[in-house]
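Chemist: got a sequence here, can you model it:
(one chain, ligands or ions: 1)
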Amino acid sequence: MNLFSEQIESTQQTGLQETGALEMLRCTRCGRDLVADVVLAGDAACPYCGNLFRQPAYRRIEAIVDSGSFIEIERETETGDPLSFPGYRTKLEKERVKSKMQEGVVIGKATVKGQRTAIAVMDSYFMMGSMGTVVGEKIVILAEFALTNRLPLVIFCASGGARMQEGVLSLMQMSRTTIALARHSAAGLLHVNVLTHPTTGGVTASFAMQGDITLAEPGALIGFAGPRVIEQTVRDKLPEGFQTAEYLYEHGLIDRIVERKDMRETLASLLALHNTERVQWTDKGVRG
Ligand SMILES: [Zn+2]
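Modeler: Alright, predicted model coming up:
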């Protein structure tokens, strides 16, 4: 089975692109060939040099949340073909078989080191995590679920952008998700985004930049349009490292770059720090 046929357009990225070889990954930093199943069943990092591969959504959830605590919401929700786009139904079926995913995002609730949270994890192995109606709807459902239950929200973003086969219905998801998350935020609830490779297009232009705290994985490509498109538009050479997590951190768009191995601990600390359930409001003030 070829999970890795999609190449991500990037002129700067190293270490995050997969080869087209069947069941093998080539690390683009150290050049070693790795067995895909072994690497992706672990932390999806090169064992020789530490470079990160894209991590499947369910494996990421396993690595982040407390064992047995994850309860998925809307697991069976499937995308239709709202515009009768030629070949879309066949492509969706192939993507489901290839990625073993129903859609490009998994949502649910869980605990992270005992801290309750709503969580969404996008999966770039399903149509490059593109945001169609179902991806948008699931983000909206999770935001409303978190608001109703007064839960914080953690969203792992990974997306190639809008789902072209759904046209304007796909673009509408930008405003829908933005509004749902604004309501969650207005209720004083925490929203943490983790930007993973790649976070681009309509997701960057909506909920990926809406968190109270924005974390990123090392080396992740984060941007709206691809670097080649920007260079052709502005007719100028882009700076070294443009659109990498490191560049955006240096320029203040990201709060912290977190190694994958430290992500669970970091999220647990942030959730505990903002846990309003532990604070008791009294007439004399706050008692911890
Ligand atoms: Zn390597």
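Chemist: just want the most central residue of this protein.
Modeler: Cys157 (1.8 Å; CA atoms, centre = their mean).
Chemist: three-state assignment of that one?
Modeler: Secondary structure, DSSP: H, G, I helix; E, B strand; the rest coil: Cys157 is strand.
Chemist: ok now do it, which residues does it touch?
Modeler: Met122, Asn193, Val194, Leu195, Thr196, Thr199, Val203, Thr204, Phe207, Ala208 (CB atoms under 8 Å, 6 or more residues apart in numbering). The way it works is simple: take the backbone N, C-alpha and C, and place the C-beta from them, glycine included.
Chemist: how much space is there between it and the ion?
Modeler: Going from Cys157 to the ion by CB to the ion, to the nearest Å gives 24 Å.
Chemist: measure that residue to Asp81 for me?
Modeler: 25 Å (CB to CB, to the nearest Å).
Chemist: same question for Glu231.
Modeler: From Glu231 over to Asp81 the distance is 35 Å, taken as CB to CB.
Chemist: got the phi/psi numbers for Lys138?
Modeler: phi -70, psi -40 (degrees, to the nearest 10).
Chemist: thinking again about what came up before, quick check: bridge partners of the residue nearest to the centre of the chain?
Modeler: Leu195 (DSSP bridges).
Chemist: state the distance from it to Ala245.
Modeler: The gap separating Cys157 from Ala245 is 12 Å, by CB to CB.
Chemist: and for Ala36?
Modeler: Remark: distance between Ala36 and Ala245 (CB to CB) = 24 Å.
Chemist: the two: which is more packed in?
Modeler: Ala245 (25 against 21; other CB atoms under 10 Å).
Chemist: now do the contacts for the nearest residue to the more buried one once chain neighbours are set aside.
Modeler: Among residues not flanking Ala245 along the chain, Ala216 sits closest, at 3.8 Å (CB to CB, 6 or more residues apart in numbering). Counting by CB under 8 Å, 6+ apart, Ala216 touches Val194, Leu195, Thr196, Ile222, Ala245, Leu248, Tyr249, Ile254, Arg256, Ile257, Val258.
Chemist: please name the bridge partners of Ala216.
Modeler: Beta-bridge partners of Ala216, as defined by DSSP bridges: Leu195, Ile257.
Chemist: that one and the ion, how far apart?
Modeler: 20 Å.
Chemist: what of Glu95?
Modeler: Glu95 sits 28 Å away from the ion, taking CB to the ion as the criterion.
Chemist: hmm, that residue is touching Ser124, no?
Modeler: No: judged on CB atoms under 8 Å, Glu95 makes no contact with Ser124 at a distance of 11.4 Å.
Chemist: only alpha carbons, please: show the helix or strand encompassing His184 as PDB.
Modeler: Assigned by DSSP states H and E, His184 belongs to helix 167-186. Provided in PDB are the C-alpha atoms of helix 167-186 (Å, rounded to 0.1, in the frame of the first residue of the first chain):
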ATOM      1  CA  GLY A 167     -15.700  24.800  -4.400                       C
ATOM      2  CA  VAL A 168     -17.400  27.600  -2.400                       C
ATOM      3  CA  LEU A 169     -18.900  25.100   0.100                       C
ATOM      4  CA  SER A 170     -15.300  24.400   1.100                       C
ATOM      5  CA  LEU A 171     -14.400  28.100   1.300                       C
ATOM      6  CA  MET A 172     -17.500  28.700   3.500                       C
ATOM      7  CA  GLN A 173     -15.900  26.500   6.200                       C
ATOM      8  CA  MET A 174     -13.400  29.300   6.900                       C
ATOM      9  CA  SER A 175     -16.100  31.600   8.200                       C
ATOM     10  CA  ARG A 176     -18.100  28.800   9.900                       C
ATOM     11  CA  THR A 177     -15.100  27.500  11.900                       C
ATOM     12  CA  THR A 178     -13.900  31.100  12.700                       C
ATOM     13  CA  ILE A 179     -17.300  32.000  14.200                       C
ATOM     14  CA  ALA A 180     -17.700  28.800  16.200                       C
ATOM     15  CA  LEU A 181     -14.300  29.300  17.700                       C
ATOM     16  CA  ALA A 182     -14.900  33.000  18.400                       C
ATOM     17  CA  ARG A 183     -17.900  31.900  20.500                       C
ATOM     18  CA  HIS A 184     -15.800  29.400  22.400                       C
ATOM     19  CA  SER A 185     -13.200  32.100  23.000                       C
ATOM     20  CA  ALA A 186     -15.800  34.700  24.100                       C
END
